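1. sequence and predicted model, in that order:
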Amino acid sequence: MAKKRRSSQFKDSSQVIDIEEARRKRQEKRSRQHKRSAAVNRVAAKAPVRASVKQAKRRRGLVYTVIILAIIAVVGMSVFNIVSLKQEQKEIKKQQEELKEQKAQLEEELKLLSDPEYIEEQARAQLRLVMPGEKIYVFPSLENSEKQSSASKEKKDTQAQSDED
């Protein structure tokens, strides 16, 4: 028989219920259930643990171990990503400082480009331009003259050997 709901059980009834008696019955019912569960626990404690229960505990332990390892792996990857991002941030800040220095140098050079004396100096040095009426004298450097003299000596030696043959 299905258990009736209390509200429907007493809805149509005009029966008077003694509260003290209902409490006493409830207490008796609970003590009987407690005795039954205690007896079952004693029997279960004496009986050997079944293999299926042991397997279930092993499986549960294995599942917990896998979950813990997965959490450790996720945390480890997160820490690795954080460390690599910090290192990349340091490198980017270093590049930023270098670019700021380069920008300052280029701004100085830009200011110099509007100076007529600097323009004239660069035209003379890089393009070898001269002002009208000026003469330019080019002297060979010592290194170039030594190379040319050693090259001319080698040519003379090779010509002398070919003449002897």
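-> Noted; the coordinates are in hand. Numbering: from 1, shown residues only.
2. can we go C-alpha only for contacts and neighbour counts from here?
-> Fine.
3. the residue nearest in space to the middle of the chain and Ile68: what is the separation?
-> Residue closest to the mean C-alpha point of the chain, counted by C-alpha atoms, centre = their mean, is Asn81 at 1.7 Å. Taking C-alpha to C-alpha, to the nearest Å as the measure, Asn81 and Ile68 are separated by 20 Å.
4. quick one, phi/psi of the residue nearest to the centre of the chain?
-> phi -60, psi -40 (degrees, to the nearest 10).
5. same thing with Asp18?
-> Main-chain dihedrals, Asp18, degrees, to the nearest 10: phi -90, psi 120.
6. quick check: which ranges of this protein have low pLDDT?
-> Within the chain, the stretches with pLDDT under 70 are 1-15, 42-49, 142-165.
7. now Met131: which helix or strand?
-> Counting by DSSP states H and E, there is no helix or strand that carries Met131.
8. neighbours around it, how many?
-> Look at Met131: counted by other C-alpha atoms under 10 Å, it has 9 neighbours.
9. next: Tyr118.
-> Per other C-alpha under 10 Å, the neighbour tally for Tyr118 reads 14.
10. separation between it and Leu127?
-> For Tyr118, the distance to Leu127 (C-alpha to C-alpha) stands at 13 Å.
11. just Gln87 next, same as before
-> The spacing between Gln87 and Leu127, counted by C-alpha to C-alpha, is 46 Å.
12. which element is Thr65 on?
-> With elements taken from DSSP H and E, the one containing Thr65 is helix 51-113.
13. which is the next helix or strand following that helix?
-> Next along the chain after helix 51-113, taking DSSP H and E as the criterion, comes helix 116-126.
14. which residues outside that following helix are in contact with it?
-> Residues from elsewhere that reach helix 116-126, judged by C-alpha atoms under 8 Å, 6 or more residues apart in numbering: 112-113, 129-130.
15. export these to CSV and tack on distance to Glu97 and neighbour count?
-> Formatted as CSV, the contacts of helix 116-126 follow (distance: C-alpha to C-alpha, whole Å; neighbours: other C-alpha atoms under 10 Å):
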residue, distance to Glu97, neighbour count
Leu112, 23, 13
Leu113, 24, 13
Leu129, 38, 14
Val130, 40, 13
